[in-house]
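Colleague: coords below, sequence missing:
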C-alpha cells in the first residue's frame, strides 16, 4: 500500500485526489495539509484523516512514501525543498513555484537518493498536447505560433502553467526566444516570436489552443479540460509510478506516461 500525504488537501484538486484515492486498492491517504488562514485545518479529508497545518509536514511524512504538493506558489516554495530530506518521494503539481526552491529541491533529491516529478498538469491528454505542440513546431518551420489559454475567473496566475510548458517545449525546438504577452496599440509587424494570450471568464475549467499559421494555411491544436478528475487520475498515476523509485533524480511526465 502506497502511503500518500497531500499538500493542499482541502483545495479544489486536492479534494478530488483524496476522494479518488479512497476508491483505489493501492493508495492510502495518511495525512494532508491545509492553509493556516483558510479555516480548513481539522477538516476530515478522508475517513479518519484530518487536514493539518503545513507547520507539521515533516511529522506527517515520517511514514509516508510520497508527498504530492497541490498548494499555492508561495506555500509550495516554503516546503518542497525540505521534503527529500525526510526520505519521501515528491510530486509537485503546483505551478509558478519559486525557481530557487525547485533548484534546492532537486539538489536535495540527488543528495538524499529520493525521486521526484514536477508537472504543470497531470492529465494524460495535456501531456500528449505538449508533445504534439513540440512535434508540430519542429515540423512547421517558419510558421507563426500563437497560444491562447482560457480559465475561470478565480484563477490567480496568468498565463497558465500548462500554456507556458507548451511554449517552453516549442521554444526548445524552434529556437524562438521572444515571447509576446498580448498586444495593444500600434505594435508593428510581427517579429520572430510566440504570442501568448489569456482569458479569465466564468467557470471555464481549462482550454488551451496553439495556432500554427503559414501564408496560405493554419493549423490549430486544442485541448479542453472537462473535469478535475482527469488531473486527479493523472496525479495518482504519477504517485504510483514514482513511489518505488529511489534514484536521486527528478523525472518528467513523459516518463510517467511513456510518451
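Modeller: Received the coordinates, thanks. None of the values given here were measured: they were computed from a predicted structure.

Colleague: tell me the contacts of the spatially most central residue of the chain?
Modeller: Geometric centre of the chain, nearest residue: residue 120, 2.2 Å, by C-alpha atoms, centre = their mean. Residue 120 sits next to 93, 95, 160-162, 164-165 when contact means C-beta atoms under 8 Å, 6 or more residues apart in numbering. Yep, even glycine has a C-beta here, placed from its N, CA and C like the rest.

Colleague: can you tell me the SS state at the residue nearest to residue 121 when sequence neighbours are not counted?
Modeller: Excluding the flanking residues, the one nearest residue 121 by C-beta to C-beta, 6 or more residues apart in numbering is residue 162, at 4.6 Å. Following DSSP: H, G, I helix; E, B strand; the rest coil, the label given to residue 162 is helix.

Colleague: list the contacts of residue 162.
Modeller: Residue 162 sits next to 120-121, 126, 149, 206, 208 when contact means C-beta under 8 Å, 6+ apart.

Colleague: helix or strand: which one has residue 238?
Modeller: Here residue 238 sits within helix 228-243, counting by DSSP states H and E.

Colleague: and that helix, what's its mean pLDDT?
Modeller: Per-residue pLDDT over helix 228-243 has a mean of 97.

Colleague: tell me the buried residues in it?
Modeller: For helix 228-243, the buried set under the neighbour-count rule, 16 or more other C-beta atoms under 10 Å, comprises 228, 230-236, 238-243.

Colleague: again with stretch 66-83
Modeller: Neighbour-count burial for stretch 66-83 flags 66-72, 75-77, 79-83 (criterion: 16+ other C-beta under 10 Å).

Colleague: wait, residue 4 sits on residue 29?
Modeller: Yes - in terms of C-beta atoms under 8 Å, residue 4 counts as a neighbour of residue 29; the distance is 5.6 Å.

Colleague: more neighbours, those two?
Modeller: residue 4 (27 against 23; other C-beta atoms under 10 Å).

Colleague: which stretches of the stretch 101-250 of the chain form helices?
Modeller: Applying DSSP state H, counting those that start in this stretch to the stretch 101-250 of the chain gives helices spanning 124-139, 161-174, 228-243.

Colleague: can you check what angle separates the second one from helix 124-139?
Modeller: When you say that, I think you mean helix 161-174. 30 degrees (axes from the mean of the first three to the mean of the last three C-alpha atoms, to 10 degrees).

Colleague: including distance to residue 35, could the contacts of residue 120 go into TSV?
Modeller: As requested, the contacts of residue 120 are exported to TSV (distance: C-beta to C-beta, whole Å):
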residue	distance to residue 35
93	16
95	17
160	21
161	20
162	23
164	24
165	25
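
Colleague: quick one: which of those is most hemmed in?
Modeller: residue 93 leads the contacts of residue 120 on contacts (other C-beta under 10 Å) with 27 neighbours.
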